[in-house]
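J.: quick one, structure for this:
(one chain, ligands or ions: 3)
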Amino acid sequence: MCGIVGFHGPDNVVADMIVGLTALQHRGQDAAGIATFDDSFHLHKGQGLVNDVFKPKHVKKLKGNIGIGHVRYTTQGANDSDLAQPFTTSYPFGLAMVHNGNVINFRDVAKRLHEKYHVLPKTTNDLELIMYTFASELRVKDLDHLSVVDIFDAVETTQELVKGAYATITMIAGHGLLAFTDPLGIRPLVLGRRDTPAGPVYAFASESTCFDYLDFEFVKNVGPGQAIFIDNNFQVHYKNPYASPKAFCAFEHIYFAREDSVIHGHLVARERVRLGKRLARKVVDAGLKPDMVIDVPSSGYFAASGLAEAIGVPYRRALVKNNHMGRSFIVPTQAGREDVVKKKLNPIREFVAGKKVAVVDDSIVRGTTSRRIVRLLREAGAAEVYFISSAPPIVSPCIYGIDMAMSTELIAANYSTEEICRYIEADKVIYQDLSDLEELFAEEKGHGGSCFACFSGKYPTGDVTHYLRHIQEERASHRGDKKKEKTSVSAKAPEPTEH
Ligand SMILES: O=P(O)(O)OC[C@H]1O[C@H](OP(=O)(O)OP(=O)(O)O)[C@H](O)[C@@H]1O
Ligand SMILES: NC(=O)CC[C@H](N)C(=O)O
Ligand SMILES: [Mg+2]
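T.: Ligands and ions are numbered 1, 2, ... in the order given. Prediction:
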């Protein structure tokens, strides 16, 4: 779930870009990069957080009134500085591109590029496939008189050829800034605008929270399959979105996006409160009478407060987060994830000692966080611990840009709820029902169609059997601590049962 931005305005854009990328840091911690253009491309990218990668000496060199940027959470290819985005290509015109998502017909696209255009991507990052497909479609146009129709035509062919999830931003040197998404619009992308005395500044970003920091006004979502082009005269051109079904990623609302972002017209924080409230019935039906509801910081907060309100039990912040630790789930190795979880959270003993505690998190994916939290709460003297997930069990790999491609890593794909309860040593585990989530996010409630593939195994892009095998092998080959990863769940958890 990388974060992407693109800016086009009358003055240098790099300062705004750094603010925008920092606001998207929660979407990717592996690498960061920016490309700008004045009379040539200026590119700087590297491993680490935005603050670590961009020092004043780099920022000084990133000149230009147009630029694109990226924070990476590796989901295809190695976690390596050569694969950090943006990528650039010099022909035609000079293109620089960033994307969020995953291409799922990797081999077909690579084969076609090679056979038809003699293009050989340099790396295993799937962005190259989108970029070279678009570049190849563009270069057959009349390059002396390139029109917006030509650009949108190349986008449309790219969308037909490249399958999967992708929200992209492209700089076309000497022409302008282009954004487009896959036909189902699985990943979010928004357009904003700020008026200045010198003229308007336009920005694309993965999430609207960027605009709050920069005093931009939200203009619109880049809809499923839509393309938006901002030319060098700051005229905005739209290619209409597909009328076909949409499939917005439900996990963006549950975990990935920031609480203060509005995704497809819905404030993420409010959606999380609704998810928490919806869990009340299951807590009551299970006969649980907690003394307090607590959250797992950071992403469990709004669901916890919703549940507490709905069952009339006090909410307490009883787990304190070390603000210097990032997100654990998006760390690329199991050893790294365990290390972050260990250093991240500490219980307030006085609050939980002797109490029956309902602890709410947004999700249980590999079980790394939940197991540690239950143990910490017990050591702090909690009488009983109920672990409540605002997401349903995650039973199927995500192939659209979240690094949970291997079903062996997904605890709910391998164990029943009772077994998970024993494994994390809780007194009770409660998950959101998928039917409740589907109802909350139903189309008639204005959500548009959602992708629930990780909960249901139903993939909106059609038959993906072939790709599921490919991505599992691909991710396994990039695991630094592959051996440890395989044993971390299976050695400690009970034997799997049919369910
Ligand atoms: O079952 P697991 O494999 O541990 O994955 C799920 C956990 O990971 C995420 O937290 P993370 O630390 O990434 O981010 P947060 O601070 O936003 O909650 C999520 O919020 C859960 O707490
Ligand atoms: N999470 C993402 O969107 C990652 C984008 C791309 N697949 C990469 O690994 O760089
Ligand atoms: Mg968390």
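J.: near ligand 2, which residues of the stretch 351-499 of the chain?
T.: residue 401 (Cβ under 6 Å from any ligand atom). All C-beta atoms are positioned from the backbone trio N, CA, C, and that covers glycine.
J.: do that again at 8 Å, thanks
T.: Contacts of the stretch 351-499 of the chain with ligand 2, taken as Cβ under 8 Å from any ligand atom, map to 401, 402, 403.
J.: where does the second one sit: helix, strand or coil?
T.: Under the three-state scheme (DSSP: H, G, I helix; E, B strand; the rest coil), residue 402 adopts coil.
J.: who wins on neighbours among the residues of the stretch 351-499 of the chain next to ligand 2?
T.: Counting neighbours by other Cβ atoms under 10 Å, the top entry in those is residue 401, with 27 neighbours.
J.: so who does it touch?
T.: Contacts here follow Cβ atoms under 8 Å, 6 or more residues apart in numbering; on that basis residue 401 touches 1, 2, 75, 100, 101, 102, 165, 186, 187, 249.
J.: so which of those residues also contact ligand 2?
T.: Okay, of those touching ligand 2 (Cβ under 8 Å from any ligand atom), that's 1, 2, 75, 100, 101, 102, 187.
J.: what number of residues lie near residue 369?
T.: 26.
J.: correction: residue 311
T.: 19.
J.: tell me the contacts of the residue nearest to residue 314 when sequence neighbours are not counted?
T.: Once flanking residues are discounted, residue 314 sits nearest to residue 292: 5.3 Å by Cβ to Cβ, 6 or more residues apart in numbering. Neighbour list for residue 292: 308, 313, 314, 315, 316, 318, 351, 352, 355, 356, 357, 358 [criterion: Cβ under 8 Å, 6+ apart].
J.: again, 10 Å this time
T.: By Cβ atoms under 10 Å, 6 or more residues apart in numbering, the contact set of residue 292 is 308, 313-316, 318, 351-352, 355-359, 382.
J.: how close does it sit to residue 469?
T.: Per Cβ to Cβ, to the nearest Å, residue 292 is found 46 Å from residue 469.
J.: what kind of secondary structure is residue 219 in?
T.: Under three-state DSSP, the three-state class of residue 219 is strand.
J.: what residues are up against it?
T.: 190, 191, 192, 193, 202, 203, 204, 211, 228, 236.
J.: can you show me the strands along the stretch 351-499 of the chain?
T.: For the stretch 351-499 of the chain, the strands defined by DSSP state E, counting those that start in this stretch cover 356-361, 384-389, 428-431, 450-451.
J.: mean neighbour count, mean pLDDT and distance to residue 138 added to those strands, as a markdown table?
T.: Output for those, formatted as a markdown table (neighbours: other Cβ atoms under 10 Å; pLDDT from 0 to 100; distance: least, Cβ to Cβ, whole Å):
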| stretch | mean neighbour count | mean pLDDT | distance to residue 138 |
| --- | --- | --- | --- |
| strand 356-361 | 25 | 98 | 45 |
| strand 384-389 | 25 | 98 | 45 |
| strand 428-431 | 22 | 98 | 47 |
| strand 450-451 | 24 | 95 | 29 |
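J.: so which of these gets nearest residue 157?
T.: strand 450-451 (24.0 Å; Cβ to Cβ).
J.: and that closest one, what does it pack against?
T.: strand 248-249, helix 250-251, helix 434-440 (3 or more Cβ pairs under 10 Å, 6 or more residues apart in numbering; DSSP states H and E).
J.: which residue is the nearest non-sequential neighbour of the residue in the stretch 301-450 of the chain positioned nearest to ligand 2?
T.: Among the residues of the stretch 301-450 of the chain, residue 401 lies nearest to ligand 2; the distance is 4.1 Å by Cβ to the nearest ligand atom. Closest residue in space to residue 401, ignoring its immediate chain neighbours: residue 101 at 4.2 Å, by Cβ to Cβ, 6+ apart.
J.: contacting residues for that neighbour?
T.: Contacts of residue 101 (Cβ under 10 Å, 6+ apart): 1-2, 4, 75-76, 126-127, 130, 164-168, 181-182, 186-187, 249, 399-402.
J.: right, and residue 253 touches residue 268 too?
T.: Yes. Here residue 253 reaches residue 268: they are 5.7 Å apart, a contact under Cβ atoms under 10 Å.
J.: out of the two, which sits in the more crowded spot?
T.: residue 253 (30 against 24).
J.: wait, residue 196 touches residue 9, no?
T.: Yes. The pair residue 196 and residue 9 passes the contact test of Cβ under 10 Å, sitting 7.2 Å apart.
J.: among the ones next to ligand 2 among the contacts of residue 401, which two are most distant?
T.: The distance between the two most remote of the ones next to ligand 2 among the contacts of residue 401 (Cβ to Cβ) is 11.2 Å, for 75 and 187.
J.: ok, the spatially closest residue to residue 365 that is not a sequence neighbour to residue 303 distance?
T.: Distances taken as Cβ to Cβ, 6+ apart put residue 394 closest to residue 365, at 5.5 Å, once the chain neighbours are dropped. Distance of residue 394 to residue 303, computed by Cβ to Cβ: 15 Å.
J.: the two: which has the busier surroundings?
T.: residue 303 (31 against 25).
J.: please identify the helix or strand for that one.
T.: Using DSSP states H and E, residue 303 sits in helix 301-311.
J.: tell me what the following helix or strand past that helix is packed against?
T.: Sequence order places strand 315-316 as the next helix or strand after helix 301-311, per DSSP H and E. Packed against strand 315-316 by the contact rule (3+ Cβ pairs under 10 Å, 6+ apart) you find strand 292-295, helix 301-311, strand 356-361.
J.: give me the sheet partners of strand 315-316 and which way each runs.
T.: Strand 315-316 has the following sheet partners, assigned by DSSP bridges: strand 292-295 (parallel).
J.: stretch 398-412 and ligand 1 in contact?
T.: Yes. Legend: contact between stretch 398-412 and ligand 1 by Cβ under 8 Å from any ligand atom is shown at residue 411.
J.: that stretch: which residues count as buried?
T.: Buried residues in stretch 398-412, counted by 16 or more other Cβ atoms under 10 Å: 398-407, 409-412.
J.: now, among those, which is nearest to ligand 1?
T.: Using Cβ to the nearest ligand atom, the buried residues of stretch 398-412 come closest to ligand 1 at residue 411, 6.9 Å.
J.: picking up where we left off before, which one, of the strands of the stretch 351-499 of the chain, ends up nearest to ligand 1?
T.: Comparing the strands of the stretch 351-499 of the chain by Cβ to the nearest ligand atom, strand 356-361 comes nearest, at 4.6 Å.
J.: the closest one pairs with which strands, and in what direction?
T.: Using DSSP bridges, the strands paired with strand 356-361 in its sheet are strand 292-295 (parallel), strand 384-389 (parallel).
J.: could you list the low-pLDDT ranges of the stretch 301-450 of the chain?
T.: In the predicted model, the stretch 301-450 of the chain carries pLDDT under 70 at residues 444, 446.
J.: domains of this protein: list them as residue ranges, please.
T.: Domain segmentation of the chain under automatic domain parsing yields 3-246, 268-447.
J.: can you put the ones you listed in CSV and add distance to residue 463?
T.: Shown next, in CSV, are those (distance: least, Cβ to Cβ, whole Å):
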stretch, distance to residue 463
domain 3-246, 11
domain 268-447, 12
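J.: among the ones you listed, which comes closest to residue 457?
T.: domain 268-447 (4.0 Å).
J.: gap between the residue nearest to residue 314 and residue 474?
T.: 44 Å.
J.: likewise for residue 265?
T.: Look at residue 265 and residue 474: by Cβ to Cβ, they are 35 Å apart.
J.: in terms of packing, which of the two has more residues around it?
T.: Here residue 265 and residue 474 are compared on neighbour count by other Cβ under 10 Å; more neighbours surround residue 474, at 17 against 9.
J.: surely the more buried one meets residue 106?
T.: Yes. With contact defined as Cβ under 10 Å, residue 474 counts as touching residue 106 (8.2 Å).
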